[in-house]
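In: Coordinates for the following, if possible.
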Amino acid sequence: SLPDTPIFGNSPGVTTENVQFTAQQAVRTTGVTLDTLTINADEAPMVIRGCQFNGLGNGIEIVGHNLANNTPRPCRGFLIRENDLSECVVGIWALGHVGEGAIVGNRFWNWGETGVRLANLSDGAKQLLIANNSFRGLQRCIEILESTKGIEGVEIRGNLLVAESGPDIVWAAGSAKLPAGWRIEKNWRQVRRPVAGSVEAKEWLQSPGDQIVDKL
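Out: Numbers count the residues shown, from 1 in each chain. From the prediction side, this is the model:
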């Protein structure tokens, strides 16, 4: 299938399953874009399941932001599960007011920049689960950029992360504390620990609830 496949608005129960997304070049290509979904909690979520995303700029984009006027707009009610995302610049890029969704049981391999990017999460976003995924790449398996203020119920749990040359979970805000409502725990992490005092060390997000090892 050729990118890009946009899904937006009130789209309960829409399912994309067992589809292969690829491109001859990664520049400005996306497999699937979820744009300002308005699916309520009592409706069936939009589902992406069992698909392959290979060699794209962004495998999946989750957009909770009006890019035209630079204002947040909720994107909620999605389930992304059991997909393979390989050789993409970014596996899954979530932007803005994103929540009431789950990214679970996916496999991320050899990304260019990061496996999962949470960028500019907007005040009021809530209930985002990232769990039971497998990551293997050079570094930055999960990347958290910009503000996390007012974001509730984000859980990063039960993932397997292998970072071969750099930090595995990165938070650009550095030494400041994550919000109390976030849960990062029960992840298994093989990672090269950054040198104390380095820029990488300031960005590297550690969690006492995780198992950090030299070799899995």
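In: any idea which helix or strand carries the residue nearest the centre of the chain?
Out: The residue lying closest to the centre of the chain (CA atoms, centre = their mean) is residue 116, at 3.1 Å. Element membership for residue 116 (DSSP states H and E) is strand 114-119.
In: What of residue 26?
Out: Short version: residue 26 belongs to no helix or strand, going by DSSP H and E.
In: is it true that it touches residue 88?
Out: Yes. Between residue 26 and residue 88 there is a contact under CB atoms under 8 Å: 7.0 Å. Heads up, the C-betas are built off the backbone N, CA and C, glycines and all.
In: What score does residue 81 have for pLDDT?
Out: Looking at residue 81, its pLDDT stands at 98.
In: Equivalent analysis for the one 4 residues further on, please.
Out: At residue 85 the predicted local distance difference test score is 98.
In: for residue 147, same thing?
Out: For residue 147, the model assigns a pLDDT of 67.
In: rewinding a little: how far does the strand holding residue 116 sit from its chain's centre?
Out: Centre-to-centre, strand 114-119 and its host chain are 5 Å apart (CA atoms, centre = their mean, to the nearest Å).
In: Tell me who's in contact with residue 185.
Out: 156-157, 207, 209-210 (CB atoms under 8 Å, 6 or more residues apart in numbering).
In: Let's see which of the residues you listed end up in strands.
Out: 156-157 (DSSP state E).
In: Surely residue 202 is in a helix?
Out: Yes. Assessed by DSSP: H, G, I helix; E, B strand; the rest coil, residue 202 belongs to a helix.
In: And for it, the neighbour number?
Out: 16 (other CB atoms under 10 Å).
In: Residue 26 and residue 88: who's more crowded?
Out: residue 88 (31 against 18).
In: I figured that one hits residue 54, correct?
Out: Yes. With contacts counted by CB under 8 Å, residue 88 reaches residue 54, the gap being 7.4 Å.
In: if we can go back for a sec, please check the contacts of residue 185 and keep the buried ones.
Out: Buried subset of those (neighbour count, 16 or more other CB atoms under 10 Å): 156-157, 207, 210.
In: residue ranges with poor pLDDT in the chain?
Out: 1-3, 147-148, 173-177 (pLDDT under 70).
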